[in-house]
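Student: structure for the following, please:
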Amino acid sequence: MTRSFGLPQFVALLVLAAIIWAGFGIGVNTIRIGVIAPFTGPTSIYGISMRNGIRLAADAVNAGGGIAGQRLELVFADDANDKITAAEAARNLIYRENVKLVIGTVSSDATMNVQRVCEKARIPMLTSVSTNPFITRVGFRYSFRCLTDDTVQASELASFAVRTLQLRRVAILHDSNKYGSMGARVYAARAAELGQSIVENVAFDGGTVNFTKHLESIRPLNPDGLLIWGLAQESGLIVRQARELGMRMPVLGGDGMAPAAFLDLAGPAAEGAVVTMPFNPAKGGQTAKAFMERFRGTFGSDPDSFAAHGFDAIHLAASALRSSAERGIPLRDALAAIASYDGVTGKGGFDASGNETRPVELARIQGGRFVPVTGQ
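Tutor: Residues are numbered from 1 along each chain as shown. Sure, this is the predicted structure:
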């Protein structure tokens, strides 16, 4: 089954949505969707971006008549990037707020806690940010993801590093959390298959600001390239400090380096870095163009991958709700039936395990912009 969000009336709906802002309060003629993400703390840049995309999409759905006349009502919960808080938020949304579906969250640790709560309650969970492969590969029937996971991202990056950049000796510096550890592990495994040597593999804790010790352990090894698998704040500091230490090798990274915050922190040191690019506006055609224009007009900035995937997540939820708005198994089955869709992030779909089927693209940072180098 193929669903399309690129309808002719899409632009008109967004214009109307600028007038009709979602969230008029609780009513019987609404369908409630829970959204869990960090809206405070260091990782809030991801949660806020995701929330903005979600709000814009809900506005468009409601401006178009909602779901059989029922408006989407968003219920937000701040998990502050804490996995225990995330699980508590999921329970509150399901058992007190009576949401029919949960979207979230950002960190894989928190998302895995949320999915356990949702699985037990038979409430679908759709993540538009978390990339740990196990989220959709451990047998949970109510878990779905609408972006490419770390297996796809890290494997593609390793292939590009070997076949295109011809890097033979790479050092890895990664966050010690599930996101960083998984990305580093997948990259190293694929690199070994392709004959690339990993000369060093160093973990750092989230929140670290001085990476001199980590980088000094790598510098004497003189690697051809440096893979960083972490979030924007730490990754930006690593790149800047590496250049200050005279380390000039090519830099590689995952989608944690996709936000503008990475470019802001790294500055000119980011130039030339190659990163995974889950959102290429060119792939979404006119639908993506309309989304970007409305996003800029509403929030005063360009949307990133997290906003775009949040936007698509709401439209996926709305598509499933149009097939069945019944809570539990029927809604889960309606979501699972979406084998393909056209979103602002391009053509995607769910496989049998609820995982995104879309391939990932890569981009090189040039002139402070992400310029696609694959999938064009």
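Student: contacts only, for the spatially closest residue to Ala188 that is not a sequence neighbour.
Tutor: Spatially, and ignoring its direct neighbours in sequence, Ala188 is nearest to Ile198 (5.1 Å; C-beta to C-beta, 6 or more residues apart in numbering). (Each C-beta comes from the backbone N, C-alpha and C, glycine too.) By C-beta atoms under 8 Å, 6 or more residues apart in numbering, Ile198 lies in contact with Val170, Ala171, Ile172, Ala188, Ala191, Ala192.
Student: then Asp312?
Tutor: Phe5, Ala57, Ser128, Cys146, Tyr341, Gly343, Val344, Thr345, Gly348.
Student: tell me the secondary structure for it?
Tutor: helix (DSSP: H, G, I helix; E, B strand; the rest coil).
Student: list the contacts of the residue lying closest to it once chain neighbours are set aside.
Tutor: Leaving out its chain neighbours, the residue that sits closest to Asp312 by C-beta to C-beta, 6+ apart is Gly343, at 3.8 Å. Counting by C-beta under 8 Å, 6+ apart, Gly343 makes contact with Phe5, Cys146, Gly284, Thr287, Phe311, Asp312, His315, Leu316.
Student: hmm, back to that, specify the local secondary structure of the residue nearest to Ala188.
Tutor: Classification of Ile198 by three-state DSSP places it in strand.
Student: could you give the bridge partners of it?
Tutor: Taking DSSP bridges as the rule, Ile198 bridges to Val170.
Student: could you do Tyr341 as well?
Tutor: Arg3, Gly348.
Student: can you tell me how far it is from Gly206?
Tutor: 33 Å (C-beta to C-beta, to the nearest Å).
Student: when these two are compared, which one has more neighbours?
Tutor: More crowded of Tyr341 and Gly206, by other C-beta atoms under 10 Å: Tyr341, with 23 against 17.
Student: let me know the pLDDT of the residue of the chain most remote from its centre.
Tutor: The outermost residue of the chain, judged against the average C-alpha position, is Pro220 (34.6 Å), by C-alpha atoms, centre = their mean. On pLDDT, Pro220 comes in at 98.
Student: am I right that it sits in a strand?
Tutor: No: looking at Pro220 with three-state DSSP, it is helix, so not inside a strand.
Student: so which residues of the stretch 101-250 of the chain form helices?
Tutor: Remark: helices assigned in the stretch 101-250 of the chain by DSSP state H, counting those that start in this stretch are 108-121, 150-163, 178-194, 212-218, 232-244.
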